[in-house]
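> Structural data only, the sequence is not supplied:
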DNA sequence: TTGCTGCTCATTGTATTCAGAATTCACGTA
DNA sequence: TACGTGAATTCTGAATACAATGAGCAGCAA
């Protein structure tokens, strides 16, 4: 029985650090849609060799966030108009099923936790589209997290990462952004009622409203 | 109006070829669970440099198929027992929603196509667990493909790739493998009835049966 | 025999170099 | 001025080299 704890030093790869920086820059909107990310140039900026830069970029390409530009370098992959619907459909599948699973579990502690998170996120001082995106994501993620299903959570993150890399929320007006934070408590009420099918239908309707909001914003 | 066609020569990366070979080898069961895949050694076998080998292996690590062994090299990631349920839950989300979308569309041509695929797959000469896995995957994929939702399809493939990398089907007896091909036509009947909720429930029940079969096999 | 220490080897991650392909630019000609 | 050609530049993919880390093995002492 030692008083010392085993030290687990994760091997940090430079490629992972590069990946995170690129993702953050995309998230903040710091990378213009036509901006080419060139391996050698980015490596010079970061003052590391090209190899980990390349590894990070290839990973982002694999994830569909970036694509290779015909003129060299990688650019942020532009969304096709049909993809908005596809993303929201995929969300309906994931999050609809998540709330169904949670409702079947009838775990009142989970419901209370989710409600606390909703209240917390709604009370934040939100000013940018990115802020609203984060708040919405945190709320929705709080449902999927509680399914304790790593694959649902992984898919959830993939879909929401698409949203931010395509700057979907940036198209929405401030009024509508505020509205985007409404109605989440109602999802918890439906869960409390204990009918899995009704809960799933409520989540699907909620997401459909988000889609309508998104499509209106993109059409304007 | 030229008589010549534009030549599009896809840039084939060695890393992609390595990736495919590893995936095939896993699929065929050619790689033992404890077998370490070492970058330099595999590169020698393939008579290429280590770089594309590394890229392929890192990609497989990222996809959760491989993990780094404490003794160097990569090994096939072993499934935790809870993951079987998680995979089937994720499938219920994806495939349940897919059949719901298809049922809402009431496209009789799609239903006929799916039925033709079911009939074709059932008529194959199937002998190995891998054969049955492929047949089942083709049938289930035929539903998701027709939603024309790239994200649902992408997630579908990810879940099924997990299944084969974990050799889930290999644990099932021959009798039960034959049974695994039953009842797919019934899904089409339910779609024809036109009730999306009923179709989704039928797909979820179908997948739950598959889960039961799988868990029984793993317990034996 | 067992446990500890030091050394060696294996493996990885990163840096650097090389070669090839594609794009861009400059110059010459019609 | 516009178009075509050749050269230069850019960029990528792969190969090679180097350094660091960790695991395994061998030797020695208790």
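Received the coordinates, thanks. Bear in mind that the values here come from a model prediction, so they are computed numbers and not experimental data.

> Contact residues of chain A facing chain B?
A:15, A:55, A:58-59, A:62, A:83, A:86-87, A:89-90, A:92-94, A:96-98, A:101, A:147, A:149-152, A:155, A:158-159, A:162, A:197 (Cβ under 8 Å from any Cβ of the partner chain). C-beta: built from backbone N, CA, C; applies to glycine.

> tell me, which of those make contact with DNA strand D?
residue A:58 (Cβ under 7 Å from any atom of the strand).

> From the residues of chain A next to chain B, list the buried ones, please.
A:15, A:55, A:58-59, A:83, A:86-87, A:89-90, A:92-94, A:96-98, A:101, A:147, A:149, A:151-152, A:155, A:158-159, A:162 (16 or more other Cβ atoms under 10 Å in any protein chain shown).

> that older thread, can you list which of the residues of chain A next to chain B are found in helices?
Members of these lying in helices (criterion: DSSP state H): A:15, A:55, A:58-59, A:62, A:83, A:86-87, A:89-90, A:92-94, A:96-98, A:101, A:150-152, A:155, A:158-159, A:162, A:197.

> List phi and psi for residue A:68.
phi -80, psi 130 (degrees, to the nearest 10).

> Which positions within the worst-scoring helix or strand of chain A on mean pLDDT qualify as buried?
Ranked by mean pLDDT, DSSP states H and E, the weakest helix or strand in chain A is helix A:174-179, scoring a mean of 75. Using 16+ other Cβ under 10 Å as the test for burial, helix A:174-179 gives residue A:177.

> helix or strand right after that helix?
helix A:184-193 (DSSP states H and E).

> For the residue of chain A found nearest DNA strand D, which three-state class applies?
For chain A, the residue closest to DNA strand D is residue A:72, as judged by Cβ to the nearest atom of the strand, at 2.8 Å. Applying DSSP: H, G, I helix; E, B strand; the rest coil to residue A:72 yields a three-state assignment of coil.

> right, and it touches residue A:40 too?
No - assessed by Cβ atoms under 8 Å, residue A:72 is found out of contact with residue A:40, at 9.9 Å.

> These two: which is more packed in?
Taking neighbours as other Cβ atoms under 10 Å in any protein chain shown, residue A:72 and residue A:40 compare with residue A:40 leading, 13 against 10.

> neighbours of the nearest residue to residue A:75 once chain neighbours are set aside, just the number please.
Nearest residue to residue A:75 in three dimensions, chain neighbours excluded: residue A:69, at 4.7 Å (Cβ to Cβ, 6 or more residues apart in numbering or on different chains). Each residue near residue A:69 was counted by other Cβ under 10 Å, and the total is 14.

> Give me the phi and psi for residue A:69.
Per-residue torsions, residue A:69: phi -80, psi 150 (degrees, to the nearest 10).

> likewise the one 4 residues further on?
Phi and psi for residue A:73, reported as degrees, to the nearest 10, are phi 80, psi 170.

> Name the nearest residue to it, sequence neighbours excluded.
Closest residue in space to residue A:73, ignoring its immediate chain neighbours: residue A:36 at 3.2 Å, by Cβ to Cβ, 6+ apart.

> List the contacts of the one you found.
Counting by Cβ atoms under 8 Å, 6 or more residues apart in numbering or on different chains, residue A:36 makes contact with A:69, A:71-75.

> From residue A:70, how far out is it?
10 Å (Cβ to Cβ, to the nearest Å).

> Also residue A:99?
43 Å.

> Kindly report the same for residue A:64.
Taken as Cβ to Cβ, the span from residue A:64 to residue A:70 is 18 Å.

> same thing with residue A:45?
The value you get for residue A:45 to residue A:70, if Cβ to Cβ is used, is 23 Å.

> Who has more neighbours out of those two?
Remark: of residue A:45 and residue A:70, residue A:45 carries more neighbours, 10 against 7, as counted by other Cβ under 10 Å.

> buried residues in the helix or strand harbouring that one?
Element membership for residue A:45 (DSSP H and E) is helix A:39-46. For helix A:39-46, the neighbour count (16+ other Cβ under 10 Å) marks A:39, A:42-43, A:46 as buried.

> okay, those in a markdown table with pLDDT next?
Output for the buried residues of helix A:39-46, formatted as a markdown table (pLDDT from 0 to 100):
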| residue | pLDDT |
| --- | --- |
| A:39 | 95 |
| A:42 | 95 |
| A:43 | 94 |
| A:46 | 94 |
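
> and which of these is nearest residue A:202?
Set against residue A:202, the nearest of the buried residues of helix A:39-46 by Cβ to Cβ is residue A:42 (44.7 Å).

> Can you tell me how far that closest one is from residue A:25?
Taking Cβ to Cβ, one finds residue A:42 at 10 Å from residue A:25.

> Ok, residue A:161 next?
Relative to residue A:25, and taking Cβ to Cβ, residue A:161 is found at 14 Å.

> Neighbour count: these two, which is higher?
residue A:161 (17 against 14).

> I figured that one hits residue A:63, correct?
Yes - using Cβ under 8 Å, residue A:161 is in contact with residue A:63, at 7.4 Å.

> Low-confidence regions, chain A specifically.
Within chain A, the segments meeting pLDDT under 70 span A:1-11.

> Dead centre of it: give me the residue that sits there.
With distances taken as Cα atoms, centre = their mean, chain A has residue A:160 as the residue nearest its mean C-alpha position (2.6 Å).

> Quick check: that one touching residue A:138?
No - using Cβ under 8 Å, residue A:160 is not in contact with residue A:138; the gap is 10.1 Å.

> Domain-wise, how is chain A divided?
A:14-76, A:81-219 (automatic domain parsing).

> Can you pull the residues of chain A lying near DNA strand C?
Counting by Cβ under 7 Å from any atom of the strand, the residues of chain A near DNA strand C are A:11-15, A:48-52, A:55, A:70-72.

> which phi and psi does residue A:173 have?
Torsion angles, degrees, to the nearest 10, at residue A:173: phi -70, psi 160.
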